[in-house]
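quick one: sequence plus predicted model below, questions after.
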Amino acid sequence: MMKEEDKFPLNLWPEIEQAPDDYRLLERVPFTMFGEQPELPIKIAEPVGDELPLIILDSETTGLNPSCDQMIELAMVRALYSPSLGDITSITAIYDEFEDPHIEIPPKVTELTGITTEMVKGQKFDLDAVNRLLADDPLVIAHNAGFDRLFFDRRFCGSEFLTQLRWTCTLKNMQWANLDGRLRFSRKLGNMLFNLNYFFEAHRANADCLALLWLLHIVPNAFRHLIDNTFNRQISLVLARGLPIEYKDRVKSRRYNWNRVDKVWNIQCNTPEQVQEELKFLRELYDPEGRLVEEAKLNLDPRICFKG
């Protein structure tokens, strides 16, 4: 239930009418009220007959390291996507469950997510339900898929099918600012929706899934952009091998990622111009002869992308 201090201040309506430019109205992302259980299926548009299934997935974890931390919440929202419409026509299923990591939930995680040790005690993901949702091989969409997939694949490593799903990423595989200029300021899901005059309670997996689905729905051509970038385009990684540790913060500020397996900093580039820009940056930063930096082209098979 919303706290009293967070409710819309109706008593300020006279002041709002006097100076509307000094106020901003935000709308809650549909179906994200805490505890709300919408009746399914949820109709978004008239079906046209060419719909394909997709899954929006999000997880909450005990930390950031998939080699030692664990998923404590897994949420999936299943929807039907029409290629001819370029949008979803319905939401057909919502899955959201906890799992007990058999350790105390770190206080920082509880502070961020509201999930406590007591909430997850004795809980376990329903493998049958997970398999049913994913049985027809839907495209799995996540905001920072590299993070969620590492934890998902580790948790379900006993299932060859579940570790060979098709994934795509709305963080790395979208040029949001090209679709709506208001999205150029931040790539955080909550901030993006705020800039479009929406809000939701972030950092709970179920709400995050519904919020991401809503963002893809309300931004014109977002689904088409994502699907096209996933299946019809080659991308490159620029690799910064042997980067001196004193430059770590410099590359992180440019959104480079650390690959723990190969022990190399890398950034995904979507255009040849971006590749050349990053190669130039790294050569000027620490490798003037260009012996340690390189471009690696990726096969954009969604089954193998974003394994980080």
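Ah, there it is.

going forward, measure contacts and count neighbours with C-alpha atoms only.
Fine.

quote the end-to-end distance of stretch 232-248.
33 Å (CA to CA, to the nearest Å).

mind listing what's buried along that stretch?
Using 16 or more other CA atoms under 10 Å as the test for burial, stretch 232-248 gives 235-241, 243.

show me the helices in this protein, by range?
Counting by DSSP state H, one finds helices in the chain at the ranges 13-18, 107-113, 117-120, 127-134, 145-155, 176-179, 189-195, 205-218, 222-231, 248-253, 272-285.

and the buried residues of stretch 232-248 as TSV, adding distance to P83 and pLDDT?
TSV is the format used below for the buried residues of stretch 232-248 (distance: CA to CA, whole Å; pLDDT from 0 to 100):
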residue	distance to P83	pLDDT
I235	23	71
S236	26	82
L237	29	87
V238	32	92
L239	35	93
A240	38	93
R241	40	92
L243	43	94
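
just the pLDDT for D126.
Per-residue pLDDT puts D126 at 97.

grab the nearest non-local neighbour of it.
Leaving aside its sequence neighbours, D126 sits nearest to E97 (CA to CA, 6 or more residues apart in numbering; 7.9 Å).

and the pLDDT for that neighbour?
Model confidence at E97 (pLDDT) stands at 97.

then L300?
If you check L300, the pLDDT there is 50.

same question, the one 5 residues further on
Note for C305: predicted pLDDT of 42.

what of M2?
Looking at M2, the pLDDT reads 61.

tally of neighbours for R291?
For R291, the count of nearby residues is 11 (other CA atoms under 10 Å).

compare the helices of the chain and give me the one nearest F161.
Nearest to F161 among the helices of the chain is helix 127-134 (8.9 Å), distances taken as CA to CA.

next, the buried residues of that closest one.
Here helix 127-134 shows 130, 133-134 as buried, counting by 16+ other CA under 10 Å.

and if you look at stretch 43-53?
51, 53.

distance from it to the middle of the chain?
Centroid separation for stretch 43-53 versus its chain: 23 Å, with CA atoms, centre = their mean, to the nearest Å.

what residues does that stretch touch?
Stretch 43-53 has contacts (CA atoms under 8 Å, 6 or more residues apart in numbering) with 78-84, 88-91, 136, 138-139.

output it as PDB, restricted to C-alpha atoms.
Presented in PDB, the C-alpha positions along stretch 43-53 are these (Å, rounded to 0.1, in the frame of the first residue of the first chain):
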ATOM      1  CA  LYS A  43      -5.500  -7.400 -23.600                       C
ATOM      2  CA  ILE A  44      -3.300  -4.700 -25.000                       C
ATOM      3  CA  ALA A  45      -4.500  -4.600 -28.600                       C
ATOM      4  CA  GLU A  46      -6.700  -6.700 -30.900                       C
ATOM      5  CA  PRO A  47      -4.800  -9.900 -31.900                       C
ATOM      6  CA  VAL A  48      -3.900 -10.200 -35.600                       C
ATOM      7  CA  GLY A  49      -3.000 -13.800 -35.800                       C
ATOM      8  CA  ASP A  50       0.800 -13.600 -36.300                       C
ATOM      9  CA  GLU A  51       1.700 -13.300 -32.600                       C
ATOM     10  CA  LEU A  52       4.900 -14.800 -31.200                       C
ATOM     11  CA  PRO A  53       5.700 -15.400 -27.600                       C
END
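
low pLDDT regions in the stretch 101-250 of the chain?
Applying pLDDT under 70 to the stretch 101-250 of the chain flags residues 233-234.

the same query, at a cut-off of 90, please.
146, 160, 163-164, 172-173, 201-204, 228-237 (pLDDT under 90).

that older thread, let me have the buried residues of helix 127-134 in TSV, adding distance to I56 as columns.
TSV is the format used below for the buried residues of helix 127-134 (distance: CA to CA, whole Å):
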residue	distance to I56
V130	13
L133	11
L134	11
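
show me which of those is closest to Q268.
Once CA to CA is applied, the member of the buried residues of helix 127-134 that ends up nearest Q268 is L134, at 27.5 Å.

domain parsing for the chain?
24-231, 235-298 (automatic domain parsing).

of the ones you listed, flag the one that's most buried.
domain 24-231 (a mean of 17; mean count of other CA atoms under 10 Å).

kindly check the end-to-end length of that domain for me.
End-to-end distance for domain 24-231, by CA to CA: 39 Å.

run the chain-centre distance for it.
That offset, for domain 24-231, works out to 6 Å (CA atoms, centre = their mean).

before we move on, what about stretch 245-263?
The answer for stretch 245-263 is 20 Å, by CA atoms, centre = their mean.

need the contact partners of it.
Under CA under 8 Å, 6+ apart, the answer for stretch 245-263 is 264-268, 308.

go again with 7 Å.
Contacts to stretch 245-263, defined as CA atoms under 7 Å, 6 or more residues apart in numbering, come from residues 264-267, 308.
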